[in-house]
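Student: need a structure here:
(chains A, B and C)
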Amino acid sequence: MKGFYHLAELPTAEIEKLAVRALHLRAGATPKRFDGKALGLLFFNPSLRTQASFQRAAGKLGLDLVQLQSGGNGVWGIECEDGALMDGGNAEHVREAAAVLGRFVDVLAIRAFAGIQSLDRDSRDALINGFRKHAGVPIVNMESALWHPCQALADWTTLDLFDVPRRAKLVLTWAWHPKPLPHAVPNSTLCMAAQRGMEVVVLRPHGYDLSDSVMNEAHALAAANGGSVSVTEDRARALEGASIVYAKSWASLGAWGKPELEAAQRAPLREWCVDASWMKLTDRARFMHCLPVRRNVVVRDEVLDGPWSIVIDQAENRLHAQTALLESQFASLERKSQVRAKNPVPLEP
Amino acid sequence: MKGFYHLAELPTAEIEKLAVRALHLRAGATPKRFDGKALGLLFFNPSLRTQASFQRAAGKLGLDLVQLQSGGNGVWGIECEDGALMDGGNAEHVREAAAVLGRFVDVLAIRAFAGIQSLDRDSRDALINGFRKHAGVPIVNMESALWHPCQALADWTTLDLFDVPRRAKLVLTWAWHPKPLPHAVPNSTLCMAAQRGMEVVVLRPHGYDLSDSVMNEAHALAAANGGSVSVTEDRARALEGASIVYAKSWASLGAWGKPELEAAQRAPLREWCVDASWMKLTDRARFMHCLPVRRNVVVRDEVLDGPWSIVIDQAENRLHAQTALLESQFASLERKSQVRAKNPVPLEP
Amino acid sequence: MKGFYHLAELPTAEIEKLAVRALHLRAGATPKRFDGKALGLLFFNPSLRTQASFQRAAGKLGLDLVQLQSGGNGVWGIECEDGALMDGGNAEHVREAAAVLGRFVDVLAIRAFAGIQSLDRDSRDALINGFRKHAGVPIVNMESALWHPCQALADWTTLDLFDVPRRAKLVLTWAWHPKPLPHAVPNSTLCMAAQRGMEVVVLRPHGYDLSDSVMNEAHALAAANGGSVSVTEDRARALEGASIVYAKSWASLGAWGKPELEAAQRAPLREWCVDASWMKLTDRARFMHCLPVRRNVVVRDEVLDGPWSIVIDQAENRLHAQTALLESQFASLERKSQVRAKNPVPLEP
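Tutor: Residues are numbered from 1 along each chain as shown, chains lettered A, B, ... in the order given. All right, here's what the predicted structure looks like:
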């Protein structure tokens, strides 16, 4: 396995194997050790679960850890457009940053959200793809503009942990939030559930569709795995028979980079906040969210503190899923003979 | 021992044991190793000694380290009021933050100063108490709004190191500072010295009393341990016969959250700066301060660079005291059989 | 070896030994382990290579790591002037910060750039020299106002890696940059090449000379090692026969602390950007830069992505050179018997 950018890159059987390993690790299995190997973590955005779980996973696996944070007195601003004339705020190009870090560590994990300013740039997932292209080592995606595959792998593990049937109904519901948020989590949740073969319903107000390319991929994954994907605004019909309610707020593609337009568009949608009445329409569904979650904005206390919520177990599985993933990445590196030429050849221009 | 919030939670004999162990560690004793266990450090405020000494202690004890910092590209802003409608700056509630981190580490240490905006919130020590309530693992206080027990344990160790008699006189003196500062250190110093059975004198100008509840606790600790606590503005009388001068600036309770009022109130108090003339009134006292200290503002160079100062040994003892403390915390976890249910039970709503 | 402030402090034979060791480490040699010893890293400025390579080196050597960053919620602002009345922004004096950190770690590495506000302060290298004076443990310079010896050691290693003859011609060329930058890298490059015995040419526009004291030191090093140092604005003549083109931007000494004057002075100099036409004037020279580098500002893509550039190998050597250096520092500590008095003596004022 060469890096981990998007869950659907993996065959379903490989995902199942990682989820089983994650549950064994959760139950106390001993992780393999990779002493003398190193994991790099580079954060362009805040995080709590991601930082903590990757740091802990590195410890469990015996890895040397290199951790860097962009902004403040951390890492230089990084340019990712080829051919750029770099006389602005960015002091370093991803070509150098990636290639250099690839010399210092064996696997490099990157967190680089959507900026929600340029739809073109976000759709290209420009920053993480720059690292994937130039690092020369496997890149693990700790959430990019388009995907959050570690969350998706943890969520798959969580569905297994709670014995959710493979054909069960999962409702991915939009929720109100004061700010427009990236699509990585809803994109990854949708495709994960489709690849699992679930009956996936996207419940969202008018104007909050996910991108066509992600929807098309989800339909294809569902078709290949015996599931289905549909989209609706009909809350009651969506929730009926649901086993999982997965809440998340996301930005409107139509208002991308236009915060005033987006604010006006979502102003009437504050009642998109999951409460007990929603859960009671389901078939005793579990409530999931990737966290952090704004209480009484995205979901009410009564749900998070009630019998439905499994968000803490879901978050704990980030650790176990990522430990399984990194274990697999480093084991794969060990199997390869190290053929990378280390010494330069004479220059013959 | 379950967490460490306030020194006085420990019986005096237990404190003595930890201080002895700290001195053994200082003298070169080998710390126990807890390989495979993890310590989390979460900082809401700056620090030098605290970060460095906890990182080093984790290394000495063989712990996996998870370190997080609030602000910038670190951790999300954390809400700690129950029932809050979270549509403001905080993206995550302490209920989730604590519970999730409690799944990733075995002991979690928190640094969360008083904000000095709301006396009510600071008096409830709301943020660290949120973590204590919801983390499900022992919480170590790396300085909260009310207490700095690691400093107090290090200071106890320092008094032992310098063979200061248990009944000696300790003067805790207020000093001028350009900003109003939290009460955690003076509160903890006062109670530590009272629990040690010292003759404690709080020397402060009018308007700078510590809180009634802390004073009451200090009186009770003194009574139970053969010491005394008094308050005065009479510098000469306070310093006479003192073995320890412990300087610290702190905010006025009467002006809490009112910086202009506080500034006006302390404007005439700039001469509250410890100099050689103060020290000469004592019985060859040692000078202590928790650091960082503003030179020639809180204390003059002649004192810090003179024969009285023991602030560097005092700071070094942060490392040894905390290593002893963490060793005790992790040993206690090992003794418990691990009965925490790891797997979910079926939901029957 | 006691700390590492400036490369030229080391005899040439010692540098050669470290470079050989660095190349062995690059080729896969096993670093020594120093379990139970600790390295502290304190950053006052951003970095990518420096943070990552020092973290990784600590892992390779089995060191406990203490890492601190100034600014934000990191470390307190640090004052380095003796006698300062500290009622401004700095909460701690280097006397305490250094002495305390020296109690927590065995070797302390500091990154403290020139502020480019006060030429006096920058010329004294005040902050790092404060740490050197007061820490009581060896200080490693991770780039100070005056020197970047780790870069210089890595560059020496890189010249060896590429079999650059000891007497070859190295052109250190100024380049345009939107901001005035510190002199540490050009100072260290110049002296490194001079100590190696190279034919060193500083190619710079009028107004961009390095300091007299550094030039004098470089001349002396060249004289002692069979090399030469000259300065010119004649690009064609400088580049003719060159084996190495080393680009770097730096501030004008004449405009130090005067950003408007500096901006006006460098406005006409934007064509000081290394492109293929420069490289073609050389004797198939290698292109070097310490990174980060602004593409198409300091150097054009065609050079960085062309056959000349060795900047990634150069950066990788930071890791190996620093691992060799730290290995040597810690081995030297182990050889010394530990005679530092740990326990205080009674106070007799």
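Student: Poorly predicted segments of the stretch 151-300 of chain A, please.
Tutor: Along the stretch 151-300 of chain A, the model assigns pLDDT under 70 to no residue.
Student: how many neighbours does A:Gly83 have?
Tutor: Neighbour count of A:Gly83, defined by other C-beta atoms under 10 Å in any protein chain shown: 7. C-beta: built from backbone N, CA, C; applies to glycine.
Student: quick one, what contacts it?
Tutor: By C-beta atoms under 8 Å, 6 or more residues apart in numbering or on different chains, the residues touching A:Gly83 are C:Asn296, C:Asp301.
Student: so what's A:Asp64 up against?
Tutor: A:Asp64 sits in contact with A:Gly36, A:Lys37, A:Ala38, A:Leu39, A:Ala58, A:Val105, C:Gln55, C:Arg56, C:Gly59, C:Lys60, where contact means C-beta under 8 Å, 6+ apart.
Student: same question, A:Gly59
Tutor: Contact analysis of A:Gly59 by C-beta under 8 Å, 6+ apart lists A:Leu65, B:Ala38, B:Asp64, B:Leu65, B:Val66.
Student: Which stretches in the stretch 151-300 of chain A count as helices?
Tutor: Assigned by DSSP state H, counting those that start in this stretch, the helices in the stretch 151-300 of chain A fall at A:184-196, A:212-225, A:235-239, A:259-266, A:276-280.
Student: between those helices, which one is nearest to A:His206?
Tutor: Closest to A:His206 of these is helix A:259-266 (C-beta to C-beta; 9.1 Å).
Student: if we look at that closest one, which residues are touching it?
Tutor: Residues from elsewhere that reach helix A:259-266 (C-beta under 8 Å, 6+ apart): A:Trp176, A:Pro180, A:Gly207, A:Ala251, A:Ser252, A:Gly254, A:Ala255.
Student: Stretch A:227-243 now?
Tutor: The set of residues external to stretch A:227-243 that reach it, using C-beta under 8 Å, 6+ apart, is A:164-165, A:167-171, A:173, A:190, A:193-206, A:209, A:215, A:218-219, A:221-222, A:245, A:278, A:281-286.
Student: try 7 Å
Tutor: Under the criterion C-beta atoms under 7 Å, 6 or more residues apart in numbering or on different chains, residues A:164, A:168-171, A:194, A:196-206, A:209, A:218-219, A:222, A:245, A:278, A:281-283, A:285-286 lie in contact with stretch A:227-243.
Student: Please name the residues that touch the residue in the stretch 101-250 of chain A positioned nearest to chain B.
Tutor: In the stretch 101-250 of chain A, the residue that lies nearest chain B is A:Pro178 (5.0 Å; C-beta to the nearest C-beta). A:Pro178 sits next to B:Asp87 when contact means C-beta under 7 Å, 6+ apart.
Student: And the residue nearest the centre of chain A?
Tutor: Computing the C-alpha centroid of chain A and ranking residues by C-alpha atoms, centre = their mean puts A:His148 first, at 1.2 Å.
Student: Please, where are all the strands along the stretch 1-150 of chain A?
Tutor: Assigned by DSSP state E, counting those that start in this stretch, the strands in the stretch 1-150 of chain A fall at A:38-43, A:64-69, A:78-79, A:92-93, A:107-111, A:139-141.
Student: residue contacts, the residue of the stretch 151-300 of chain A found nearest chain B?
Tutor: Nearest residue of the stretch 151-300 of chain A to chain B: A:Pro292, at 3.4 Å (C-beta to the nearest C-beta). Counting by C-beta under 7 Å, 6+ apart, A:Pro292 touches A:Leu48, B:Trp76, B:Ala91, B:Glu92, B:Glu96.
Student: Rebuild the residues you listed as CSV, extending it with neighbour count, pLDDT and distance to chain C.
Tutor: What follows is the contacts of A:Pro292, written out as CSV (neighbours: other C-beta atoms under 10 Å in any protein chain shown; pLDDT from 0 to 100; distance: C-beta to the nearest C-beta, whole Å):
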residue, neighbour count, pLDDT, distance to chain C
A:Leu48, 24, 96, 14
B:Trp76, 20, 88, 13
B:Ala91, 21, 95, 16
B:Glu92, 22, 97, 16
B:Glu96, 25, 98, 21
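Student: between the contacts of A:Asp64, which has the most around it?
Tutor: Among the contacts of A:Asp64, A:Ala58 has the most neighbours (other C-beta under 10 Å), with 29 neighbours.
Student: Which pLDDT value goes with that residue?
Tutor: For A:Ala58, the pLDDT comes out at 98.
Student: Out of the contacts of A:Asp64, list just those in helices.
Tutor: Among the contacts of A:Asp64, the members found in helices (DSSP state H) are A:Ala58, C:Gln55, C:Arg56, C:Gly59, C:Lys60.
Student: So which of the residues you listed is the closest to chain B?
Tutor: Among the ones in helices among the contacts of A:Asp64, A:Ala58 lies closest to chain B (C-beta to the nearest C-beta), at 8.0 Å.
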